[in-house]
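J.: give the three-dimensional model of this entry:
(chains A and B)
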Protein chains: 2
Amino acid sequence: MDRGAPPVKPATRPLILLTNDDGIYAQGILAAWQELRKLGQVQVVAPDAERSAVGHAITTLQPLRTKEVVRRNVRFGYAVNGMPADCVKIAVRAILPRPPDLVVSGINLGSNTGTNVIYSGTVSAATEARILGIPSIAVSLATFTNPNFSYAARFSRKLAEEVLKRGLPDKTLLNVNVPNLPEEEIKGIAITRQGASRVEERFEKRVDPRNQTYYWLDGQFRVQEVEEDADTTKVQDGFVSITPVQFDLTAYGALDQLREWKLEL
Amino acid sequence: MDRGAPPVKPATRPLILLTNDDGIYAQGILAAWQELRKLGQVQVVAPDAERSAVGHAITTLQPLRTKEVVRRNVRFGYAVNGMPADCVKIAVRAILPRPPDLVVSGINLGSNTGTNVIYSGTVSAATEARILGIPSIAVSLATFTNPNFSYAARFSRKLAEEVLKRGLPDKTLLNVNVPNLPEEEIKGIAITRQGASRVEERFEKRVDPRNQTYYWLDGQFRVQEVEEDADTTKVQDGFVSITPVQFDLTAYGALDQLREWKLEL
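T.: Model prediction:
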């Protein structure tokens, strides 16, 4: 469906679904597309506008619509009026001719590390893919200003190639965060765990012209890591962090303790 | 702030924040409120309308507004034009005079078990509370039709009492699912793990009066459990399931395997 990709060996080239949460017109998804096309047939299905901090939301109360989008004078992909996880679902169930070999989500503008991963639309798209049984990676660039997606895009291609070759552990996806540095300043690749850093929020209270109160969520990202293999600290130290992520939320360590509670009414 | 609660020993009574994802006018939150009031001072802060399947979304692109809501002729609580996780954040940071001793989310209409927990707004509110350091429980009633919240509400009070007394393991919340049965038919309380059951989705394609295509997400919940201590199977067997939930998504078992990959460009 991607007329822009060179039609070399179409039968043997891997099919890669590319999505994000910054929206189909974002800079990061274009950078990823340009590199991933060298690896396979890339189909973009992404939100029609920014859907940041949407967590693992899906759209059930409204219908979804898809619209073909042209970028760089080629058919770039489909915009969806939904969430990142919706894009993966609708791509797999209704747009693609067959399940993709890999789903890449990103490249997100802004890191997705620490406790905040739970709010990430970028990671949720990759999680949705993995729930559907498809290997997936989420890629974020750790900056909000002056992004340079060049190294992150090339690293995404390299990692995608490895995942296509090796596969991924069962029910596991990769959450990748890349420092906003030129390649020669990248310190290396670190396999990390999700750290405990999070945004320290506050609400800014304002009054509108009709004298009604409203609140803006605001906050500062606080590094609260103690372990040195945490994603946030590694990225700050100039490493690419790769955290394997799973979606079984059970706190197995708490099961025995809870079994001692007397809870019958 | 809850003028409806009897003002007995206000200084020593626990402060309970009650929220949900079905919206402040839902039947299940009223049932929970009626029981939890017997235990402490209850402050309701909940979405102004249904926010189902919103996952761990938060609102960052729009401002939030709060509006006082009266139910049963008393000040019931505050409606927020946001997500369940927003309600917890704004309650703790801007509405409540002090952090609550407990957050209860529910009672949700419909179960939150298996892989689908990841889409749950009900659970996300409890998760947000736990991220903020507050003990929390999410309660769901496993039916969409003819709900009887009576036993689930009384069980919520019993469990809330236990949690207030004992506390919860670090970074752990409780995800509770109650069968829609009268008390005498409940088989018991089961400490469970999050199972692998999920909705098998499909998209129903339609054409609108303007000849444009749109899609409705539809699906059937499929029980795919093999382990007998899975939440979904226990609830189907007539037990109340209690799954301890944590929010560290790291797939620790995959770390060593990934460290063997050669990923330098």
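
J.: check contacts around the nearest residue to A:P84 once chain neighbours are set aside.
T.: With sequence-adjacent residues excluded and distances taken as C-beta to C-beta, 6 or more residues apart in numbering or on different chains, A:P84 is closest to A:A125, at 3.7 Å. C-beta coordinates here come from the backbone N, C-alpha and C atoms, glycine included. For A:A125, the contacting residues are A:T19, A:N20, A:D21, A:P84, A:A85, A:C87, A:V88, A:V103, A:S105, A:S136, A:A138, by C-beta atoms under 8 Å, 6 or more residues apart in numbering or on different chains.

J.: A:K38: neighbouring residues, count only.
T.: 12 (other C-beta atoms under 10 Å in any protein chain shown).

J.: check contacts around it.
T.: A:K38 touches A:R157, counting by C-beta under 8 Å, 6+ apart.

J.: list phi and psi for it.
T.: The phi and psi values for A:K38, taken as degrees, to the nearest 10, are phi -70, psi -10.

J.: now A:V245
T.: Taking degrees, to the nearest 10 as the convention, A:V245 sits at phi -120, psi 140.

J.: for it, give me its contacts.
T.: A:117, A:123, A:126-127, A:138, A:172-175, A:194, B:249-251.

J.: distance to B:N180, neighbour count and secondary structure added to the residues you listed, as CSV?
T.: As requested, those are exported to CSV (distance: C-beta to C-beta, whole Å; neighbours: other C-beta atoms under 10 Å in any protein chain shown; DSSP: H, G, I helix; E, B strand; the rest coil):
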residue, distance to B:N180, neighbour count, secondary structure
A:V117, 34, 29, helix
A:V123, 34, 33, helix
A:A126, 35, 29, helix
A:T127, 30, 30, helix
A:A138, 37, 32, strand
A:T172, 35, 19, strand
A:L173, 35, 31, strand
A:L174, 40, 26, strand
A:N175, 37, 30, strand
A:Q194, 36, 26, coil
B:L249, 31, 23, coil
B:T250, 36, 21, strand
B:A251, 35, 24, coil
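
J.: between those, which sits nearest B:T113?
T.: Taking C-beta to C-beta as the measure, B:T113 sits nearest to A:T127 out of those, at 17.5 Å.

J.: list the contacts for the residue nearest to the closest one when sequence neighbours are not counted?
T.: In space, and not counting its chain neighbours, A:T127 is closest to A:F247: 5.4 Å by C-beta to C-beta, 6+ apart. Going by C-beta under 8 Å, 6+ apart, A:F247 touches A:T127, A:R130, A:I131, A:K171, B:T115, B:I118, B:L249.

J.: pairing partners for the closest residue to the second one other than its chain neighbours in the sheet, please.
T.: To tie it back to what came earlier, the one meant is A:R130. Spatially, and ignoring its direct neighbours in sequence, A:R130 is nearest to A:L173 (4.4 Å; C-beta to C-beta, 6+ apart). Per DSSP bridges, the residues bridged to A:L173 are A:V245.

J.: also the one 5 residues further on?
T.: Beta-bridge pairing of A:V178, defined through DSSP bridges, involves A:L141.

J.: show me the contacts for it.
T.: Contacts of A:V178 (C-beta under 8 Å, 6+ apart): A:I107, A:V139, A:S140, A:L141, A:A142, A:Y151, A:A152, A:F155, A:I186, A:V235, A:V240.

J.: again with A:E50
T.: Per C-beta under 8 Å, 6+ apart, neighbours of A:E50: A:D21, A:D22, A:G23, A:A26, B:L61.

J.: ok but the residue nearest to A:P84 is inside a helix, no?
T.: Yes. A:A125: assigned to a helix according to DSSP: H, G, I helix; E, B strand; the rest coil.

J.: distance of it relative to chain B?
T.: 11 Å (C-beta to the nearest C-beta, to the nearest Å).

J.: same question, A:S111
T.: Taking C-beta to the nearest C-beta, one finds A:S111 at 15 Å from chain B.

J.: repeat for A:G219
T.: 9 Å.

J.: what about chain A, any weak spots by pLDDT?
T.: Residue ranges of chain A with pLDDT under 70: A:1-11, A:225.

J.: so where's the longest helix in it?
T.: Determined from DSSP state H, the single longest helix within chain A is helix A:150-166.
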